[in-house]
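Peer 1: Turn this into a structure:
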Amino acid sequence: YSGNRGFLCCKFLTDFRDNALKQLEKFLPSELIASHHKTERYFRLVNGSVIMYGGLGNDAEAIKAISNMPELGWFGVDQAEQITEQQFLLLDGRLRLVLPGIRYKALLTANPEPGWLRERFIEDVLPDHRFIPALPKDNPFLPRDYEKKLLAIYPKALAERLLEGNWDVDTEGISLIPYKLIRAAINRELEPKGDIVMGVDVAYLGVDETVCLLRQGDKVLHIEAWAGEDTVYSAGRVAKLIRELKPKTTYIENVGVGVGVVDPLVNEGYAISIYYPSGNAQNDKIYANKRAENYSRLLKRFEDGKISIPDHSKLQAQLSSLTYKYDTKTRLLITDKQSMRSKGIASPDYADALMLAFIEPPITSEKPIETL
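Peer 2: Predicted coordinates for the structure are as follows:
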C-alpha cells in the first residue's frame with residue numbers, strides 16, 4: 001500500500017528502543033528504507049509509506065499522544081498486556097486512513113495474562129478478532145536450550161504460560177482464584193435456596209461500570225451493569241432493582257463514590273448493608289482487611305464447589321485477574337484497583353459485586369442498615 005502509515009509501540013519508549021526497534025532495524029530490508037528520522041521517530045519507505053514508533057506511557061499521556069497522531073492504516077503493540085484497553089481503543093480509533101482497497105490492521109504481541117486481552121481474544125469471540133498462538137518452539141531464532149533454561153528457572157505454572165501459551169494457567173503465588181475453579185463454577189447445578197442478597201459495586205462516570213449482582217443461596221441469578229452515569233442515576237436504578245428483585249439486603253461499599261448511592265437509599269428506608277473494605281478483618285492476624293477476608297471466603301466457595309456463576313466473560317476475566325500479596329505483618333492483602341489499572345488490568349467491578357453478594361453470615365435482620 002503506497003502511502004500507508006502505521007505506528008509501532010510499547011508501553012514505554014525506552015523498552016521499544018532497547019528491544020523492538022533493534023529487531024525492526026534488523027529485519028526491515030534496507031533497500032525499502034528511504035530515510036530514518038530518529039528524532040521524530042519514523043521510517044519513510046521508498047514507496048512513500050511511513051512507519052512511526054514510540055511509547056504510550058500512562059492513560060493521560062496516551063490520550064495526548066494518540067489524539068495528535070495522524071490517521072493510520074495499521075498499528076502494532078509489543079507486550080500488549082502492559083497497556084490498557086482504553087489505549088488500545090484509542091489507537092483503534094485512528095484506523096481511518098483513506099487508501100484504495102486498504103485493510104485496517106491492529107497487530108498485538110502478548111504473554112498470557114488476566115485482563116482485557118484475555119477477555120477480548122480468549123473469552124469472547126468478537127468480530128474481526130483473531131488469536132494466533134506463537135510459541136517459543138515455533139521460533140527458529142531462539143537458542144536451542146531456551147526452553148530447558150526457562151523450565152529450570154521458573155515455577156511450573158509460569159513456565160507453562162510462557163512456553164505453551166497457556167491462558168488457563170495461573171501464576172503461582174499471585175492469582176487468587178485459579179482459572180480452572182472459575183470455569184468449573186460456570187452454570188454449576190445448584191439449587192437457589194435461602195436468602196436473596198444483592199451486591200453493588202459503584203462506579204462514577206468514566207469507563208468503569210456500576211455492577212449489581214443478585215444471588216440466592218449459592219447461585220447467581222442476575223447481573224446488571226451500566227457505565228457513564230452519576231451517583232444520582234445509580235441510586236435510582238439500584239432502588240428500582242431492589243423493588244423488583246426484592247433482596248433481603250443489599251451490600252454497598254460506603255467509601256468514595258459509593259457514599260453517593262448509599263445515602264439516598266438509606267434515607268428512603270431500603271435495607272442496605274454498609275460495607276467498609278478497608279475495615280478490620282474478623283481474623284486480623286491472617287487478613288489485612290475485610291476485603292482480603294471476604295475474598296478468601298469467596299475463594300473457599302470456589303474450592304468447595306459451593307458457588308454457581310453464569311457464563312459471563314467479564315465476570316470470569318475479572319475473577320481470574322485478582323491477585324494477592326502480603327503486608328509487612330505477613331497478612332493476606334488483595335491487590336487494590338489502582339494498582340491493577342496501572343498495569344492495564346480492568347477494575348474488578350463484576351468480581352467485587354460477586355464478593356459483596358456472597359458476604360457471610362447471611363443477613364436475616366429486617367433493620368434498614370447493617371454496618372460491616
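Peer 1: Show residues contacting stretch 24-38.
Peer 2: Identification of contacts with stretch 24-38 by Cβ atoms under 8 Å, 6 or more residues apart in numbering yields 8, 42, 43, 44, 45, 46, 47, 51, 53. C-beta here means a position set from N, CA and C on the backbone, and glycine is covered the same way.
Peer 1: all helices for the stretch 51-200 of the chain, in order.
Peer 2: Remark: helices assigned in the stretch 51-200 of the chain by DSSP state H, counting those that start in this stretch are 59-67, 85-92, 116-118, 146-153, 156-164, 179-185.
Peer 1: Pick the most buried one from the ones you listed.
Peer 2: For the helices of the stretch 51-200 of the chain, the largest average neighbour count (mean count of other Cβ atoms under 10 Å) is found in helix 116-118, namely a mean of 23.
Peer 1: that older thread, switch the contacts of stretch 24-38 over to CSV; also include distance to residue 81 and pLDDT.
Peer 2: CSV is the format used below for these (distance: Cβ to Cβ, whole Å; pLDDT from 0 to 100):
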residue, distance to residue 81, pLDDT
8, 16, 98
42, 25, 97
43, 26, 97
44, 31, 97
45, 29, 97
46, 34, 96
47, 33, 95
51, 23, 98
53, 19, 97
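Peer 1: Specify which member of those residues is nearest to residue 291.
Peer 2: residue 8 (39.4 Å; Cβ to Cβ).
Peer 1: That closest one contacts residue 56, doesn't it?
Peer 2: No: using Cβ atoms under 8 Å, residue 8 is not in contact with residue 56; the gap is 11.2 Å.
Peer 1: who has more neighbours, those two?
Peer 2: residue 56 (26 against 21; other Cβ atoms under 10 Å).
Peer 1: residue contacts, the more buried one?
Peer 2: So residue 56 contacts 9, 10, 11, 12, 62, 65, 66, 83, 87 (Cβ under 8 Å, 6+ apart).
Peer 1: how near is residue 289 to residue 65?
Peer 2: Residue 289 is 37 Å from residue 65, where distance means Cβ to Cβ, to the nearest Å.
Peer 1: Then residue 28?
Peer 2: 23 Å.
Peer 1: For residue 1, the count of nearby residues, please.
Peer 2: Residues lying near residue 1 (other Cβ under 10 Å) number 16.
Peer 1: Go ahead and confirm residue 222 touches residue 247.
Peer 2: No: using Cβ under 8 Å, residue 222 is not in contact with residue 247, being 9.8 Å away.
Peer 1: okay if I get the helices of the stretch 51-200 of the chain as TSV plus distance to residue 337?
Peer 2: What follows is the helices of the stretch 51-200 of the chain, written out as TSV (distance: least, Cβ to Cβ, whole Å):
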stretch	distance to residue 337
helix 59-67	14
helix 85-92	15
helix 116-118	14
helix 146-153	31
helix 156-164	24
helix 179-185	19
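Peer 1: Out of these, name the one with the poorest average pLDDT.
Peer 2: The minimum mean pLDDT among the helices of the stretch 51-200 of the chain belongs to helix 156-164 (a mean of 65).
Peer 1: what ranges of the stretch 201-350 of the chain fall below the confidence cut-off?
Peer 2: Scanning the stretch 201-350 of the chain for pLDDT under 70 picks out the ranges 205, 342-344.
Peer 1: could you pull out the helices for it?
Peer 2: Assigned by DSSP H, counting those that start in this stretch, the helices in the stretch 201-350 of the chain fall at 231-245, 259-267, 290-304, 313-321, 337-342, 349-357.
Peer 1: counting contacts, what elements does the last one pack onto?
Peer 2: In this case it means helix 349-357. Applying 3 or more Cβ pairs under 8 Å, 6 or more residues apart in numbering; DSSP states H and E, one finds that helix 349-357 makes contact with strand 196-201, strand 209-216, strand 219-227, strand 249-253, helix 290-304, helix 313-321.
Peer 1: would TSV of those with mean neighbour count and distance to residue 143 be doable?
Peer 2: Output for these, formatted as TSV (neighbours: other Cβ atoms under 10 Å; distance: least, Cβ to Cβ, whole Å):
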stretch	mean neighbour count	distance to residue 143
strand 196-201	26	47
strand 209-216	24	45
strand 219-227	17	47
strand 249-253	26	50
helix 290-304	19	39
helix 313-321	24	32
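Peer 1: Make JSON lines out of those and add distance to residue 77.
Peer 2: What follows is these, written out as JSON lines (distance: least, Cβ to Cβ, whole Å):
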{"stretch": "strand 196-201", "distance to residue 77": "29"}
{"stretch": "strand 209-216", "distance to residue 77": "24"}
{"stretch": "strand 219-227", "distance to residue 77": "24"}
{"stretch": "strand 249-253", "distance to residue 77": "34"}
{"stretch": "helix 290-304", "distance to residue 77": "31"}
{"stretch": "helix 313-321", "distance to residue 77": "19"}
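Peer 1: hmm, back to that, of all the helices of the stretch 201-350 of the chain, which one comes closest to residue 188?
Peer 2: helix 290-304 (10.0 Å).
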